[in-house]
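Asker: Provide a 3D model corresponding to the input given below.
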Amino acid sequence: GVLAANALERAPRRDVGLEPVDLLVGFLFMIVGMLLGGLAYGEYVERRQITDPAVKTGVQLVISSLFAQGLPAAYVCWKVAQRRNGFRMFGLLPTQPLRDVAAGIVGVLVAVPLVAVTLELVARMAMAMGLEVETIGHQTLVAMRETDSTRAIAMMVFSAVVLAPVFEEIVFRGLVQTAM
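Answerer: Down below sits the predicted model:
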């Protein structure tokens with residue numbers, strides 16, 4: 001089946017022109033992006049005189065995604081674009097868009113409730129055993145809960161729902177898995 005131990009060995013190799021050296025180049029772009037992102041964040045916050053911590057968090061998320069993951073993602077896209085049908089072979093252009101969107105919707109509709117129920121059951125079992133269950137929130141979720149700024153919430157949602165997944169797929173699945 002698809003999850004068999006040797007399923008990846010049988011899968012056809014996607015020849016999109018990425019080599020192991022591209023991992024190093026992508027990693028260097030990520031480091032440079034982190035440095036430039038930090039500088040851009042400091043400059044932006046200072047020039048705009050942003051004091052609201054939630055807005056600062058939103059700005060930081062967007063800028064760090066654009067720089068730290070955007071630069072390596074741009075490099076990968078440039079390398080892939082050098083090949084004929086590179087984007088299709090890479091997986092950036094779907095072969096069956098409607099089927100893929102439908103599969104994504106079904107996946108979300110199945111996964112989100114399943115994860116929520118599992119978390120709830122584990123928390124209740126821990127409490128039944130007398131263990132203390134702490135509520136731990138991701139920095140973004142905590143900041144979203146503590147602000148009334150629509151702008152800050154919009155930036156955080158955009159970063160978490162659009163930028164991070166797209167860049168992560170390109171950089172990690174695309175570059176790391178393809179170049180190795």
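Asker: sketch out the low-pLDDT regions of this structure for me.
Answerer: Low-confidence regions of the chain, defined here as pLDDT under 70, cover residues 1-15, 136, 180.
Asker: now the helices for the protein?
Answerer: Counting by DSSP state H, one finds helices in the chain at the ranges 7-10, 20-48, 53-64, 70-81, 86-90, 97-128, 139-145, 150-158, 164-168, 178-179.
Asker: in a markdown table, list those along with mean neighbour count.
Answerer: Every residue, glycine included, has its C-beta placed from N, CA and C. Putting the helices of the chain into a markdown table (neighbours: other Cβ atoms under 10 Å) gives the following:
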| stretch | mean neighbour count |
| --- | --- |
| helix 7-10 | 8 |
| helix 20-48 | 15 |
| helix 53-64 | 21 |
| helix 70-81 | 20 |
| helix 86-90 | 17 |
| helix 97-128 | 10 |
| helix 139-145 | 15 |
| helix 150-158 | 17 |
| helix 164-168 | 16 |
| helix 178-179 | 20 |
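Asker: distance of residue 107 from residue 101?
Answerer: Separation of residue 107 from residue 101 (Cβ to Cβ, to the nearest Å): 11 Å.
Asker: correction: the previous question concerned residue 137.
Answerer: As it turns out, when the distance is counted by Cβ to Cβ, residue 137 lies 30 Å from residue 101.
Asker: contact partners for residue 31?
Answerer: Taking Cβ atoms under 8 Å, 6 or more residues apart in numbering as the definition of contact, residue 31 has no neighbours.
Asker: change it to 10 Å
Answerer: 68, 71-72 (Cβ atoms under 10 Å, 6 or more residues apart in numbering).
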